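Enquirer: sequence and predicted structure below; questions after.
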Amino acid sequence: MSSAPSESGDSSLAAWMAFYDSRVSSLNGISPRTSSSSVVEISRAKLDQELQNLRTITSFLGTRRNAFASINRLHPEILAHVFAYLAIAEPPSGLYRARRKRGPYNAESHEVRRQQRSLGWMAVTYVCRSWREVALAHPSLWGIDICSIPSWTAERLRRSKQAQIEIIWPRITRGNMETDDIFLALTQLHRTRKLELGSSTSIRGNVAKELFSCLSAGAPVLESFFCALQSGQPLAQGLALPSTFLVGNDSKLRSVDLMNVPLPLDLFFPSSVVELRLRAASDVIPGCTRGHILALLDRLPRLQTLELHNTIRYLPSKSTESNLLVSLPLLQSLRVTAGASACIWLVQHLSLRSLTDLRVYVLQENFSPKAICTALRPAFVAFSRAHHLDPLQSLCIRNSPQRSDIEGWSTLDCPDIERRYVSPGEETSVFQFILTESFDMDADTRTVILEETFDGLDIRGVKKLRLWSDGGYEETWLGRPTILESLSAVEDVCICDTGMGSTLPLVRGPMPFVDYLARSVLVSRSPYNPPTGTVFFPSLRRIQLVGVCNEESFHALLFALERRRHQTGVQAIKEVEFEMCRLGLPLIKQFGEVVEKVIHDLHPEAEVEWD
């Protein structure tokens, strides 16, 4: 084994100084003041040549030094794996170029423009010669998100050789100058692993027909397919996904996500599919026939995720429908948005065993809420069965005049109550049941919906309860013993009423939850009290009010907190929080005398504690 060089820095410098003197000693005595201009120019040219040679030698030294860097201990195959992870995380960007704003130069906007045209992972090819050679020697790197910069598509197709590729093209329009690049990429469908068309901006109908003609070649190695056609646009007659598209793909395809895409009746997905999402704008794309949907699902025994959004056709009363019962033993996630009859039909024709994620959005028709909830009970039971060891811990109930919304989480960390609508990518809940009416729901109707839903849904482990109401104060379900018994483990309640500002002049009396809480601590019973033998939230330890401006609610809550401290069989409430509530500091101090902690946002010191 060779030993490390031991030459000192001083001796090395002396050697280089000696070499320097040997190269420039002939120029000693030459000066612009004493020598002719021609001699000075020749001397200057000689020094320029020496500097150029020195830069070359310095480059050689740098290359030799880089050879001893620790990164070079990695085998090229390992480097290629590192580059692959980087290629997935940081693809080159530049699909949409920001328009340069008129006016004086602005450094900040210039930086944003530069970032939008970033090389992404390809920057590694400019680090050193060896890294570039590694990148060029692995064609699979160039096939990852191959169309991220459209103008480079042809070159990346060449560099990817016969490796599998990913085609992700968010925007396809007839007026797009880059349309030819996507059609060039689709000629390589036989080696495409991932295909996403219209990810952010849906494809217009006049382009879809030409695009679908490219899909008739087949995709034998395709693993994931997404396509979205633009809603609100007329489609060409007979437009549909080619039935030959997936011929030969018997075991690769795992995910299918289609939006506003008509399906031919003879198209079936491979049995390897585990995620199926069929979504449509009901006024544009005709939904699949019910028989076709069952036939599709019957061929997918490995299906784990199913989403149907406005894809189940309305069935006239005189029509007949398939009686096929489809078994999906591995199905874990079911999401359905449809009319009441379609939702009921789907649940009746699926054999559901366990569902870790369930979302049903029912668009009301001529069905009673009780009939709808009763028909959907098998889905609720399948969900509870799957969560036997991981029960719901947080529950949100949102009521409005024409909508009842129940949402649940398996953790205590549910989103803030003000975030009413959350995009699908940010969803954290595992259960959601929404029932809408074409007419206003009264309090008794909402009570029936909750009772029937909770009859099939296990909520005995719920510790956090969020109550959200857009309308008046009628919440009669708070007096139903079956519901109260199911919610006996609740420790934290948050109440928010967005309708308070508009309904305040018409509302008399405290909010329902506060009213029931106050009545539950009375010695004498009244007609509004919970029935004898039913304890009103015995485990309750914390209450939060959001946006409340009814003074009667504050006084009723203060009365309930004082009385509950001396009540047997229930927990004492330890903490109260007021957010965007209209109450003065004197009243807050009164709350501080009956609970251990009061939190409010009346001034910068938002938390006040009293011993």
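Expert: Looks like it came in fine.

Enquirer: can you give me the helices in the stretch 401-550 of the chain?
Expert: Under the criterion DSSP state H, counting those that start in this stretch, helices of the stretch 401-550 of the chain are mapped to 443-456, 481-486, 500-503, 512-520.

Enquirer: give me whichever of the ones you listed is most buried.
Expert: helix 512-520 (a mean of 23; mean count of other CB atoms under 10 Å). Glycine gets a C-beta too; all of them are placed from N, C-alpha and C.

Enquirer: thinking again about what came up before, mean pLDDT for the helices of the stretch 401-550 of the chain: which is lowest?
Expert: Comparing mean pLDDT across the helices of the stretch 401-550 of the chain, the weakest is helix 500-503, with a mean of 48.

Enquirer: doesn't Gln544 make contact with Gln580?
Expert: You called it Gln, but residue 580 is Met. No: under the criterion of CB atoms under 8 Å, Met580 lies out of contact with Gln544, with a separation of 11.0 Å.

Enquirer: who has more neighbours, these two?
Expert: Set side by side, Met580 and Gln544 give different neighbour counts by other CB atoms under 10 Å, the larger being at Gln544 (19 against 13).

Enquirer: run through who's touching stretch 536-546.
Expert: Taking contacts as CB atoms under 8 Å, 6 or more residues apart in numbering, the residues outside stretch 536-546 that touch it are 417-418, 463, 484, 487-496, 516-517, 520, 530, 553, 557, 569-581.

Enquirer: turn the helices of the stretch 401-550 of the chain into TSV, including distance to Leu355.
Expert: As requested, those are arranged in TSV below (distance: least, CB to CB, whole Å):
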stretch	distance to Leu355
helix 443-456	12
helix 481-486	19
helix 500-503	36
helix 512-520	30
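
Enquirer: Leu184 is nearest to which of the ones you listed?
Expert: Within those, the stretch nearest Leu184 is helix 443-456; the backing value is 52.6 Å (CB to CB).

Enquirer: how about the strands in the stretch 151-300 of the chain?
Expert: Assignment of strands within the stretch 151-300 of the chain using DSSP state E, counting those that start in this stretch yields the ranges 165-169, 192-197, 224-228, 255-259, 275-279.

Enquirer: repeat for the stretch 301-450 of the chain
Expert: Going by DSSP E, counting those that start in this stretch, the stretch 301-450 of the chain shows strands at 305-309, 326-327, 333-339, 350-351, 357-363, 394-400, 403-409, 431-436.

Enquirer: and stretch 596-607, what's its mean pLDDT?
Expert: Averaging the model's pLDDT scores along stretch 596-607 yields 68.

Enquirer: stretch 538-545 too?
Expert: Here the average pLDDT along stretch 538-545 is 93.

Enquirer: in it, what's buried?
Expert: With burial defined by 16 or more other CB atoms under 10 Å, the residues of stretch 538-545 counted as buried are Pro538, Leu540, Arg541, Arg542, Ile543, Gln544, Leu545.

Enquirer: which strand residues bridge the last one?
Expert: Okay, so that is Leu545. Residues in a beta bridge with Leu545, per DSSP bridges, are Ile495, Phe578.

Enquirer: what distance do you get for it to Leu557?
Expert: Leu545 sits 8 Å away from Leu557, going by CB to CB, to the nearest Å.

Enquirer: do the same with the fourth one
Expert: Distance of Arg542 to Leu557, computed by CB to CB: 13 Å.

Enquirer: identify the contacts common to these two.
Expert: Contact criterion CB under 8 Å, 6+ apart; residues bridging Arg542 and Leu557 by contacting each: Val576.

Enquirer: what's next to stretch 180-198, contact-wise?
Expert: Among residues not part of stretch 180-198, those counted as contacts by CB under 8 Å, 6+ apart are 143, 146-147, 150-151, 153-154, 157, 162-172, 203, 211, 214-215, 217-230, 259.

Enquirer: give the contact list for Leu47.
Expert: Remark: with contacts taken as CB under 8 Å, 6+ apart, Leu47 is in contact with Val24, Leu27.
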